[in-house]
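Engineer: structure here, sequence nowhere to be found:
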């Protein structure tokens with residue numbers, strides 16, 4: 001069992017977004033509402049949605065939901081590692097990590113301290129810098145170019161900070177280095193406190209290689225001369 005470090009200033013977020021069952025029920029209700037009200041669809045077709053149409057649309061929605069990356073074999077592995085890293089965070093900081101259950105959520109977890117929401121975070125686990133496995137993901141390598149993450153994820157963390165008046169973080173489990181990296185991203189006022197740069201670069205689209213690459217705006221967070229970055233050795 002990992003020994004608990006003194007709970008510094010970092011804490012964790014977790015919540016209970018809707019389950020798949022609730023999503024299906026919510027979708028069905030919305031579609032039923034369309035049949036009860038004079039919706040745009042009713043005006044065009046002249047008749048409300050039938051129960052068969054509602055059933056078909058609900059199935060389509062759930063099929064689309066199941067095609068999300070988190071439901072693929074590789075996606076499930078990533079989720080498992082995320083939860084394992086969540087246990088490390090709980091041990092190091094004396095907080096409770098509650099992972100989001102809504103698959104399309106734009107952040108990973110909420111942080112709680114004594115049942116109080118104190119933070120929101122992205123949680124990552126990394127073996128290598130690239131999928132070819134030729135370069136180990138280590139702190140020494142990070143010092144050369146910083147940590148790369150989709151810029152949109154940091155923007156969402158900032159938004160969550162502002163809306164909930166909490167801090168936001170990015171945690172990275174450097175598996176081969178046996179270190180837990182912690183980047184504090186934004187404060188409860190929604191201000192970025194982490195110096196990072198943005199650049200449009202080509203990276204893998206998702207954790208599933210068959211989806212290919214994509215060119216998008218990525219953020220590069222430095223670890224050198226960055227007061228909002230800390231790391232912790234993971235004892236074994």
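Structural biologist: Sure thing, it's come through. Everything quoted here is computed from the prediction, not taken from an experiment.

Engineer: residue 117 - that's part of a strand, no?
Structural biologist: Yes: counting by DSSP: H, G, I helix; E, B strand; the rest coil, residue 117 falls inside a strand.

Engineer: quick one: neighbours of it, just the number.
Structural biologist: Neighbours of residue 117 under the rule other CB atoms under 10 Å: 18. C-beta: built from backbone N, CA, C; applies to glycine.

Engineer: for residue 167, same thing?
Structural biologist: Residue 167 has 24 neighbours, counted by other CB under 10 Å.

Engineer: how far away is it from residue 118?
Structural biologist: As for residue 167, its distance to residue 118 is 7 Å (criterion: CB to CB, to the nearest Å).

Engineer: give the buried residues for stretch 141-151.
Structural biologist: Neighbour-count burial for stretch 141-151 flags 142, 146, 147, 148, 149, 150, 151 (criterion: 16 or more other CB atoms under 10 Å).

Engineer: swap in stretch 122-138?
Structural biologist: 122, 123, 124, 125, 126, 129, 137, 138.

Engineer: so among those residues, where is pLDDT lowest?
Structural biologist: On pLDDT alone, residue 129 ranks lowest of these, at 75.

Engineer: give the buried residues for stretch 173-182.
Structural biologist: Neighbour counts over stretch 173-182 (16+ other CB under 10 Å) mark 173, 174, 175, 177, 179, 180, 181, 182 as buried.

Engineer: among those residues, which pair sits farthest apart?
Structural biologist: 175 and 182 (15.6 Å; CB to CB).

Engineer: show me the contact partners of stretch 136-143.
Structural biologist: 126-129, 135, 174-177, 179, 181, 223-224, 231 (CB atoms under 8 Å, 6 or more residues apart in numbering).

Engineer: closest one to residue 215 out of the residues you listed, please.
Structural biologist: Set against residue 215, the nearest of these by CB to CB is residue 129 (18.5 Å).
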